[in-house]
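Student: Sequence first, predicted coordinates after that:
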Amino acid sequence: MGNPLRNPLRTPYVPLVDRFPPTVAESASLPRFLGKILFMPEPRADDLTLSAPGGPSAALAPPPYQWRWAALWVLLSGEAMDMLDSLVASVAAPAIRADLGGGAGITQWLGAAYALAMAVGLITGGRLGDVMGRRRTFLAGAAGFTAASLLCAAAVSPGMLVGARGLQGLFGAVMIPQGLGLIKEMFHGRELGRALGMYGPVMGLSYVGGPVLAGWLVSADWFGAGWRTVFLVNLPLGLLAFLGGRRFLPPSGPTAATRLDLVGAVLASAAALPVVLPLVQGRELGWPAWTFVSVAAGVALFGVFGWYEGRVVRRGGDPLVVPALFRKRAFSGGLVTGAALFAAIAGLSLVLSLYFQSGLGASPLKAGLAVLPWSAGTVAGFAVIQVLDGSGALSRYGRPLVQAGIVVMALGVGVFAYVLRSAGAHATVWQGAPALVVVGLGTGLVMGPFFQTVLAAVEPHETGSAAGTLTAVQQFGSALGSAVLGTVFFSALGGRIPATTATAEAGGPGPAASSGYTGTMQITLAAEAALLLVTLVASALLPAPSGRRGRGDWPGNDADG
């Protein structure tokens, strides 16, 4: 019996898997096989619906999207591209200054332009997916991000490069929020947990792997392109995201909102800018009074934004951010936890790079390789999560697993501090490797269940708004962590930077300089431990295990707010 939901005027449905041979051996040649994949028709809405043997009632529960795992890797490539570009510019900054000129300000603005544009556009970008369709929005963001990367590589002046970095951030804000929404569309049940469990570790690996890639590319100087290869590497990733998205992402139209809340978008952007700008520049400027005034003004504007969004809902309109989201315990608790968590991860990544390069005289490539144990530990933690997911524990014990991961991260930070204290002036970049493996293990344990736990109670029509808000908070947290730990690091270091830099250029820092940096790093690691403690306390806001409370909302609230 055919599916009653299908249009009887259409030709009989042939599953996509039957439109080309499933193995290369069954094709006449490898080029022909690859050609069939490349020119395969774009997915149709029918690909989401198959014949249901149980009759009409069974057909109402659609089966999983056939190309969901291929689509997941497309989305992960876009996520990796964004994470890598948020970090690599700082590693390549010295080479960029030597080639294009410009003062110390270009080093700040290479990261600041990207972070500011991303933060300003994320909330609006998430809602665009609800209004225009997530597939179309993702493709537009991927194409724009790739084009902006080419502009970065072709830059002939510092101003052109900074402007192109801003474009990267804006298109990244359009592309990235669609990933979580599409994952929730394509996956259900235990598979959803597995897909979201892959999303988190890829983000974590990109955080710690970005400096490694950047250091290698700058040092290798492929084709004499120097620092430009840092941006050219986005070309294959961008093509994979765009072409793979056209082939494998499911067709999707508007989910709920009929139009974009333009006033809300302006208010959200106006509120984000004065909060993020002081965070990315305050440390370099010495935290003048205007930075605190700016943050206060941004917080006040967010209050105005919240009031306006509530007014839109009361009038029956389509808000930029669905207010009911904040009455869901999993989501609102996840925002607080995520801000603290990403502050800890981004802050630690920054100070490790500073310590290895400035304190121990490592090259950018060697400093990047020194944090690979963190990546290895993250992979191991993710493997543990996958085993637990197979037993169904991930969906039931999300909060305890997140908390366990935070504790393991703190343990690794403590071990790293102990190693530095024992080594003193004779510390090397490799002595902390075992401790970083432990930090990575905790990172994998946290990132695996985090997104599944936070998004568990989000309804389909809220996904775009939720993804944009969550990603924006992640960006705020990363900027905050870099600002806080960077300030602690340089404040503890005092005036040793010029002397140590000169010593390093002469052949590496001597024992006195290394000892000063090692003591500075111990103080900074104490601040990192404090951030992880805040994260652990904030994680108590997440819903209790399902056996104790079966709802993802604050007591007294309905699921829909």
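Tutor: Yep, that arrived. Numbering: from 1, shown residues only.
Student: ok, which stretches of the stretch 401-550 of the chain are strands?
Tutor: Taking DSSP state E, counting those that start in this stretch as the criterion, the stretch 401-550 of the chain carries no strands.
Student: mind showing which ranges of it have poor pLDDT?
Tutor: Where the stretch 401-550 of the chain drops to pLDDT under 70, the residues are 495-515, 546-550.
Student: how distant is the helix or strand containing S332 from the center of its chain?
Tutor: Using DSSP states H and E, S332 maps to helix 329-354. In terms of Cα atoms, centre = their mean, to the nearest Å, the centre of helix 329-354 is found 11 Å from the chain centre.
Student: which other helices and strands contact that helix?
Tutor: helix 68-100, helix 189-220, helix 364-370, helix 398-423, helix 433-455, helix 463-493, helix 511-538 (3 or more Cβ pairs under 8 Å, 6 or more residues apart in numbering; DSSP states H and E). Where C-beta positions appear, they are placed from N, C-alpha and C, glycine not excepted.
Student: Average the pLDDT values over stretch 142-162 and round to the nearest integer.
Tutor: Stretch 142-162 shows a mean pLDDT of 91 in the predicted model.
Student: Endpoints of that stretch, how far apart?
Tutor: 19 Å (Cα to Cα, to the nearest Å).
Student: Could you break the protein into its assigned domains?
Tutor: Per automatic domain parsing, the structural domains of the chain span 65-254, 268-319, 321-549.
Student: got JSON lines for these, with mean neighbour count and distance to L262 too?
Tutor: Formatted as JSON lines, these follow (neighbours: other Cβ atoms under 10 Å; distance: least, Cβ to Cβ, whole Å):
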{"stretch": "domain 65-254", "mean neighbour count": "22", "distance to L262": "9"}
{"stretch": "domain 268-319", "mean neighbour count": "17", "distance to L262": "11"}
{"stretch": "domain 321-549", "mean neighbour count": "21", "distance to L262": "14"}
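Student: can you redo these as a markdown table with distance to D261?
Tutor: Listed next are those as a markdown table, based on distance: least, Cβ to Cβ, whole Å:
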| stretch | distance to D261 |
| --- | --- |
| domain 65-254 | 7 |
| domain 268-319 | 6 |
| domain 321-549 | 9 |
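Student: closest to Q281 out of the helices and strands packed on helix 329-354?
Tutor: When the helices and strands packed on helix 329-354 are compared by Cβ to Cβ, helix 463-493 sits nearest Q281, at 8.8 Å.
Student: Helices along the stretch 101-250 of the chain, start to end?
Tutor: All helices of the stretch 101-250 of the chain, identified by DSSP state H, counting those that start in this stretch, fall at 105-132, 134-153, 158-175, 177-186, 189-220, 229-232, 234-248.
Student: Worst mean pLDDT among the ones you listed?
Tutor: Ranked by mean pLDDT, the helices of the stretch 101-250 of the chain end with helix 189-220 at the bottom, a mean of 73.
Student: just the angle between that one and helix 398-423, please?
Tutor: Angle of helix 189-220 versus helix 398-423, following axes from the mean of the first three to the mean of the last three Cα atoms, to 10 degrees, is 30 degrees.
Student: So which elements touch helix 189-220?
Tutor: helix 68-100, helix 177-186, helix 229-232, helix 329-354, helix 364-370, helix 372-390, helix 393-396, helix 433-455.
Student: if we can go back for a sec, between the helices and strands packed on helix 329-354, which one is nearest to G245?
Tutor: helix 68-100 (5.2 Å).
Student: For the closest one, name the packing helices and strands.
Tutor: helix 105-132, helix 134-153, helix 158-175, helix 177-186, helix 189-220, helix 229-232, helix 234-248, helix 329-354.
Student: before we move on, back to that, between the helices and strands packed on helix 189-220, which one is closest to A271.
Tutor: helix 329-354 (15.1 Å).
Student: report the angle between the axes of the closest one and helix 433-455?
Tutor: Using the same axes, to 10 degrees: helix 329-354 against helix 433-455 is 150 degrees.
Student: now helix 329-354 and helix 68-100, what's the angle there?
Tutor: Using the same axes, to 10 degrees, helix 329-354 lies at 40 degrees relative to helix 68-100.
Student: Can you report phi and psi for the nearest residue to A466 once chain neighbours are set aside?
Tutor: Leaving aside its chain neighbours, A466 sits nearest to V458 (4.6 Å; criterion: Cβ to Cβ, 6 or more residues apart in numbering). Main-chain dihedrals, V458, degrees, to the nearest 10: phi -80, psi 130.
Student: distance of F223 from S86?
Tutor: As judged by Cβ to Cβ, to the nearest Å, F223 and S86 stand 25 Å apart.
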